[in-house]
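# here is my input, please return the structure:
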Amino acid sequence: MRNQRGFNLIELMIVVAVIGILAGIAYPAYTDYALRGQVAEAHATLADMRVRLEQYFQDNRTYVGAPACATVPTPKYFTIACATTATTYTVTATGVAGNTQPFAFTVNEQGQRSTTATKSGWGTAPKNCWIAKKGGDCS
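Next up, the predicted model:
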């Protein structure tokens with residue numbers, strides 16, 4: 001009698017099925033995880049812009065001419081737009097790349113945060129907070 005080594009076809013198919021099931025669960029979880037990091041980039045940029053605009057207002061009693069709006073940061077996944085008047089401002093982050101494209105977040109001089117557009121499954125827009133993860137949870 002000869003001892004056979006290796007795998008038979010059934011064992012190999014079971015391994016392939018298990019790998020397929022794990023990949024089907026892991027890939028969507030990873031993409032959501034990566035998207036949460038990209039969305040956090042917009043939140044951090046808007047928060048930084050708000051602080052810089054408020055510092056300028058404290059010194060000059062106007063938002064017009066604020067360097068924060070003249071030298072708008074360029075995050076990787078969002079474009080930043082800044083609109084000012086003497087007593088108000090609105091800063092908007094709009095997604096431009098990959099999965100961030102449907103997202104849009106704003107902040108104004110009163111500190112009001114809002115999500116004006118989201119990806120499907122991430123809650124409904126408009127919402128008076130910055131949506132931070134799937135399900136519509138706010139940061």
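
# tell me what the lengthiest helix in the chain is packed against?
Criterion DSSP state H: the longest helix present in the chain is helix 9-60. Under the contact definition 3 or more CB pairs under 8 Å, 6 or more residues apart in numbering; DSSP states H and E, helix 9-60 sits against helix 67-70, strand 78-84, strand 89-95, strand 104-108, strand 131-133. In short, each C-beta sits where N, CA and C put it, glycine included.

# spatially central, which residue of the chain would that be?
V39 (1.1 Å; CA atoms, centre = their mean).

# what residues are up against that one?
Taking CB atoms under 8 Å, 6 or more residues apart in numbering as the criterion, V39 is in contact with 100, 103, 131-133.

# what mean pLDDT would you report for the longest helix of the chain?
Averaging pLDDT along helix 9-60 gives 92.

# next: stretch 85-99.
92.

# what of stretch 128-139?
84.

# in that stretch, what's buried?
Neighbour-count burial for stretch 128-139, counted by 16 or more other CB atoms under 10 Å, picks out 130-134, 136.

# now those residues in TSV, with distance to A47?
Below are those laid out as TSV (distance: CB to CB, whole Å):
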residue	distance to A47
W130	9
I131	15
A132	12
K133	17
K134	21
G136	20
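
# farthest-apart pair in these, please.
Greatest spatial distance in the buried residues of stretch 128-139: W130 and K134, 13.9 Å, computed using CB to CB.

# what is the burial count for T88?
Residues lying near T88 (other CB atoms under 10 Å) number 11.

# just checking, it touches N108?
Yes - using CB atoms under 8 Å, T88 is in contact with N108, at 6.8 Å.

# residue contacts, the residue nearest to I80 when sequence neighbours are not counted?
In space, and not counting its chain neighbours, I80 is closest to V72: 4.7 Å by CB to CB, 6 or more residues apart in numbering. Counting by CB under 8 Å, 6+ apart, V72 makes contact with 49, 80-82.
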